[in-house]
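J.: okay, sequence plus prediction incoming.
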Amino acid sequence: MKLALGTVQFGLPYGIANTSGQVLPQEIAAILATARSNSIDTLDTAIAYGDSEARLGAAGVEGFKLVSKLPKLDNGVQSIEPMVRASLDRLGVDALEGLLLHRSEDLSGPEGVAVFAIMAGLRDRGLVRRIGVSIYDPAELQAIVPRFAIDLVQAPFNAFDQRLVRSGWLERLQHAGVAVHTRSAFLQGLLLMRPDIRPAAFGRWSEQWTAWDNWLAKAGATAIAAALQVPLSQPGIDRVLVGVDSELQLRDILHAAVEIGPTPPASLATDDLDLINPARWNSK
Ligand SMILES: NC(=O)c1ccc[n+]([C@@H]2O[C@H](COP(=O)([O-])OP(=O)(O)OC[C@H]3O[C@@H](n4cnc5c(N)ncnc54)[C@H](OP(=O)(O)O)[C@@H]3O)[C@@H](O)[C@H]2O)c1
């Protein structure tokens with residue numbers, strides 16, 4: 001199963017399409033049960049996701065592989081191992097499948113060699129199986145992949161944001177033997193909204209939206225199936241993370257993922273960072 005579950009919604013009231021706030025413990029249990037019974041094997045979390053790790057630990061994550069992320073390393077490299085041990089405690093697991101840096105500058109910056117040595121040491125000792133970075137732009141990889149033997153990269157990839165493929169980085173990562181997890185298949189849910197409920201702030205990209213709406217209508221595809229098809233159809237992507245606010249949304253995703261339909265073309269993608277990088281949405 002290529003789908004994996006993102007869990008920021010378990011720890012924070014998160015997302016532009018989220019009308020229900022932070023996911024409640026009972027709903028988390030239902031989401032994890034549905035994930036398990038549909039062979040989803042990977043959960044993605046982060047120390048920065050509020051109490052996501054603790055909620056996962058309380059719900060029980062037996063049978064899942066866990067990927068977590070270290071927040072920006074402001075307290076020096078010596079803080080890495082204690083943070084990882086605290087994550088393992090909260091999650092109730094002996095080892096992580098993946099340990100990522102939430103800010104890739106921690107590896108490309110002046111302390112990079114020391115940071116890598118500590119992460120590689122944790123890998124050698126079996127506390128984590130794979131080490132790597134979470135990125136916002138594939139260009140971040142240029143200062144990392146040639147220098148450090150990382151195992152895993154997480155990057156955004158969706159119908160509007162195809163930089164990972166267009167830059168050539170997906171292929172380069174594959175050749176380098178680096179596993180790739182993608183996130184943001186629905187662009188925080190924006191790609192799934194009916195035109196009449198899309199927030200007005202996104203009206204300035206009306207041509208982009210018309211192209212998307214028209215393509216879906218012509219293809220006879222649902223937005224959710226088409227949006228999933230974009231990362232699922234790339235053989236070089238190992239796991240496609242999806243975020244959900246409810247168990248029902250996960251069921252919708254599981255149904256849509258097996259629909260056979262056309263893949264939205266790369267011509268629907270844009271390089272306009274103000275649209276494809278959600279971190280820039282609030283600053284405008
Ligand atoms: N049927 C439906 O209507 C339906 C079904 C499924 C999902 N949905 C909606 O889709 C949402 C999930 O969308 P998705 O899977 O495409 O994931 P997403 O929310 O686009 O991406 C998840 C990750 O991208 C990064 N990101 C997103 N916004 C950011 C911001 N403002 N600043 C910095 N980083 C940001 C975050 O990673 P970092 O913080 O780690 O950097 C976040 O964990 C759900 O919450 C739900 O509301 C709706």
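T.: Structure's in. What do you need? Fair warning: this is a prediction, and the values are worked out from it, not measured in the lab.
J.: give me the pLDDT value at the closest residue in space to Pro199 that isn't next to it in sequence.
T.: Counting by CB to CB, 6 or more residues apart in numbering, Ile16 is the residue found nearest to Pro199 once chain neighbours are left out, at 6.7 Å. For glycine as for every other residue, the C-beta is placed from the backbone atoms N, C-alpha and C. With respect to pLDDT, Ile16 has a value of 71.
J.: what do you get for Gly21?
T.: 79.
J.: next, count neighbours for the closest residue to it other than its chain neighbours.
T.: In this structure, Gly21 finds its nearest non-sequential neighbour in Pro13, 4.2 Å apart by CB to CB, 6+ apart. Around Pro13 there are 12 other residues, counting by other CB atoms under 10 Å.
J.: wait, Pro13 sits on Thr19?
T.: No: in this structure, Pro13 is not within contact of Thr19 by CB atoms under 8 Å, at 10.2 Å.
J.: show me what the spatially most central residue of the chain is bridged to.
T.: Centrality entry for the chain: nearest residue to the mean C-alpha point is Arg183, 2.9 Å, by CA atoms, centre = their mean. Partner residues in beta bridges with Arg183, using DSSP bridges, are Pro156.
J.: got the contact list for it?
T.: 6, 44, 154-157, 241, 243 (CB atoms under 8 Å, 6 or more residues apart in numbering).
J.: rewinding a little: and what about the residue nearest to Gly21, helix, strand or coil?
T.: coil (DSSP: H, G, I helix; E, B strand; the rest coil).
J.: separation between it and the ligand?
T.: 10 Å (CB to the nearest ligand atom, to the nearest Å).
J.: check Ala201 too.
T.: The spacing between Ala201 and the ligand, counted by CB to the nearest ligand atom, is 13 Å.
J.: report pLDDT for that residue.
T.: 91.
J.: isn't it right next to Trp281, touching?
T.: Yes: using CB under 8 Å, Ala201 makes contact with Trp281 at a distance of 7.3 Å.
J.: and the two? Which one has more around it.
T.: For the pair Ala201 and Trp281, the greater number of neighbours falls to Trp281 (15 against 11), based on other CB under 10 Å.
J.: so that one makes contact with Pro199?
T.: No: the criterion here is CB under 8 Å, and Trp281 misses it with Pro199 at 9.0 Å.
J.: and for these two, which residues touch both?
T.: Among the neighbours of Trp281, those also in contact with Pro199 (CB under 8 Å, 6+ apart) are Ile16.
J.: how about the residues of the protein by the ligand?
T.: Counting by CB under 6 Å from any ligand atom, the residues of the chain close to the ligand are 6, 8-9, 15, 17-18, 46, 134, 183-189, 192, 224, 242-245, 249, 252-253, 278-279, 281.
J.: can you tell me which of the residues you listed end up in strands?
T.: 6, 134, 183, 242-243 (DSSP state E).
J.: for the chain, give me the ranges with low pLDDT.
T.: Along the chain, the parts satisfying pLDDT under 70 run over 14-15, 283-284.
J.: in it, which spans are helices?
T.: For the chain, the helices defined by DSSP state H occupy 8-11, 25-37, 52-59, 80-91, 105-108, 112-124, 163-166, 169-175, 206-219, 223-232, 247-257, 273-276.
J.: no more questions from me, cheers.
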